[in-house]
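Trainee: Return atomic coordinates for the entry below.
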Amino acid sequence: MSEKKKRLIVVGDRVLIQPEEGEDRTKVGLYLPATAMDSQAVQGGTVVATGPGNAVSAPTELSDEPWKIGSPEPRYVPLQAELGDYAIFFRKAAVEISFEEKHYLVVPQAAILTLVREEDDEEIDIPSF
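Mentor: The predicted structure follows:
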């Protein structure tokens, strides 16, 4: 019997982060002051997965065919965090987990302070001085 592959599914407004450990300057060049690092008030890491977002209730629709049974597909307000973003977040709100011998943090979007995202230079309108 073959072993089924497991996959980790992030739910709701949560973000799965691979934490960056023990440096005062992050890989993306942000400097986290010693006061933030000593108290572990904030931490940084790379977003590796996101949930679908916050569920919103669909407006009640009046139908010409009231006998139809079925619920509409759930709708979500998407998260700002995207795969590959670098997130700075409140450490206190994070939950540590291990999955297939790797360590991650699950963080609610509300605990994320800022995101760093790489974008193509072609798409950014940089003013010239």
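
Trainee: Give me the buried positions along stretch 7-20.
Mentor: For stretch 7-20, the neighbour count (16 or more other Cβ atoms under 10 Å) marks 10, 13-17, 19-20 as buried. Yep, even glycine has a C-beta here, placed from its N, CA and C like the rest.

Trainee: export these to JSON lines and tack on pLDDT?
Mentor: Shown next, in JSON lines, are the buried residues of stretch 7-20 (pLDDT from 0 to 100):
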{"residue": "Val10", "pLDDT": "94"}
{"residue": "Asp13", "pLDDT": "94"}
{"residue": "Arg14", "pLDDT": "96"}
{"residue": "Val15", "pLDDT": "97"}
{"residue": "Leu16", "pLDDT": "97"}
{"residue": "Ile17", "pLDDT": "96"}
{"residue": "Pro19", "pLDDT": "91"}
{"residue": "Glu20", "pLDDT": "84"}
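
Trainee: Now do the helices in this protein.
Mentor: Using DSSP state H, the helices of the chain run over residues 34-38.

Trainee: the strands in this structure, which residues?
Mentor: All strands of the chain, identified by DSSP state E, fall at 14-19, 42-50, 54-56, 75-77, 86-90, 95-99, 102-108, 112-116.

Trainee: Which among those is found nearest to Lys4?
Mentor: Smallest distance to Lys4 across the strands of the chain (Cβ to Cβ): 15.0 Å, for strand 95-99.

Trainee: contacting residues around the closest one?
Mentor: 6, 8, 103-107 (Cβ atoms under 8 Å, 6 or more residues apart in numbering).

Trainee: Now do it against strand 14-19, angle only.
Mentor: 80 degrees (axes from the mean of the first three to the mean of the last three Cα atoms, to 10 degrees).

Trainee: out of the buried residues of stretch 7-20, what pair is the most spread apart?
Mentor: Asp13 and Glu20 (22.1 Å).

Trainee: Next up, the contacts around Gly84.
Mentor: 46-47, 117-118.

Trainee: what two of those have the greatest distance between them?
Mentor: Val47 and Glu118 (12.2 Å).
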